[in-house]
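A.B. asks: Have a look; sequence and predicted model below, questions after that.
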Amino acid sequence: MQNESISRVECCAATRPQQGHSQNEDAFLIGRGDHPFAALCDGAGNAERTAKRVLALFEKLLNEAAPEQITAADTWTKWIKLLDSSLLGAAQCTFLAVAFTAHEAVGVCVGVSRLYHLNREGQCRILSEGASKQRLGSGAARPFLIRSTLGAGDMLLLLSDGAWTPLNPYLLQKTVVSAYVRHFTEVPAAILDAAGKAGRADDMTALALRLARPL
């Protein structure tokens, strides 16, 4: 489990391989700076290196972008086209990323990973509903753009399909709220514990991000 404190945003993450496997084809990245970010990739096939390659390229693109570019939908669309073409002929992977600007979270989803928003009252909703299942490297990846205003104490969850598929929204909400009462850093591991109760049929990764105070 990895914990990070990113300026105004607190982050923690947990990841586990499929039961009986040593290789984890999920990969995640948490970034510091003026615009903190988190990203998650889920590789298909023998794709551990592919997921890490996508994250490295995304980090480079984000670090080279001006603040006004990060908030622009066109920027994220161009990035997805670039990432998609960079994997053509290789293993494919999903991509989910959010970056924090002055007053909101902006990002994109490609594939079956999910982004959830939990407000301070514990109400949970999916922000990535409607994302295309086409993965990066398919040549047909379509970005599902995400933009959400956050308040102090609000939480975002980035989950690979191995983490969210075993949990319906009610169980996910109940698990997160229960873990959060103990400590925010316990949230990702609690999600994976709940998702893996019947065994880990897939690699699973959970990232939790909390806005610590108003921006």
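C.D. replies: It's in.
A.B. asks: strands paired with the helix or strand harbouring Asp42, and their directions?
C.D. replies: If you go by DSSP states H and E, Asp42 is part of strand 37-42. Strand 37-42 has the following strand partners under DSSP bridges: strand 26-31 (antiparallel), strand 95-100 (antiparallel).
A.B. asks: Please work out which of those strands is packed deepest.
C.D. replies: strand 95-100 (a mean of 26; mean count of other C-beta atoms under 10 Å). Yep, even glycine has a C-beta here, placed from its N, CA and C like the rest.
A.B. asks: From the chain's centroid, how far away is the following helix or strand past it?
C.D. replies: Next along the chain after strand 95-100, taking DSSP H and E as the criterion, comes strand 104-110. Distance of strand 104-110 from the chain centroid (C-alpha atoms, centre = their mean, to the nearest Å) equals 9 Å.
A.B. asks: what do you get for stretch 26-37?
C.D. replies: 10 Å.
A.B. asks: Do me a favour and get the end-to-end distance for that stretch?
C.D. replies: Taking C-alpha to C-alpha, to the nearest Å, the first and last residues of stretch 26-37 lie 17 Å apart.
A.B. asks: I would like the residues contacting that stretch, please.
C.D. replies: If you take C-beta atoms under 8 Å, 6 or more residues apart in numbering as the criterion, stretch 26-37 is touched by 2, 4, 6-9, 11, 13, 15, 38-43, 48, 51-52, 55, 58-59, 62-63, 67, 70, 97-101, 107, 158, 160, 162, 203-205, 207.
A.B. asks: lowest-confidence helix or strand of this structure?
C.D. replies: Lowest by mean pLDDT, DSSP states H and E among the helices and strands of the chain is strand 2-6, with a mean of 45.
A.B. asks: quick one: low-confidence ranges for the protein?
C.D. replies: 1-7, 45-48, 102, 213-215 (pLDDT under 70).
A.B. asks: Quick check: next helix or strand after the longest helix seen in it?
C.D. replies: Counting by DSSP state H, the longest helix found in the chain is helix 48-64. Per DSSP H and E, helix 48-64 leads on to helix 67-70 as the next helix or strand towards the C-terminus.
A.B. asks: All set now, cheers.
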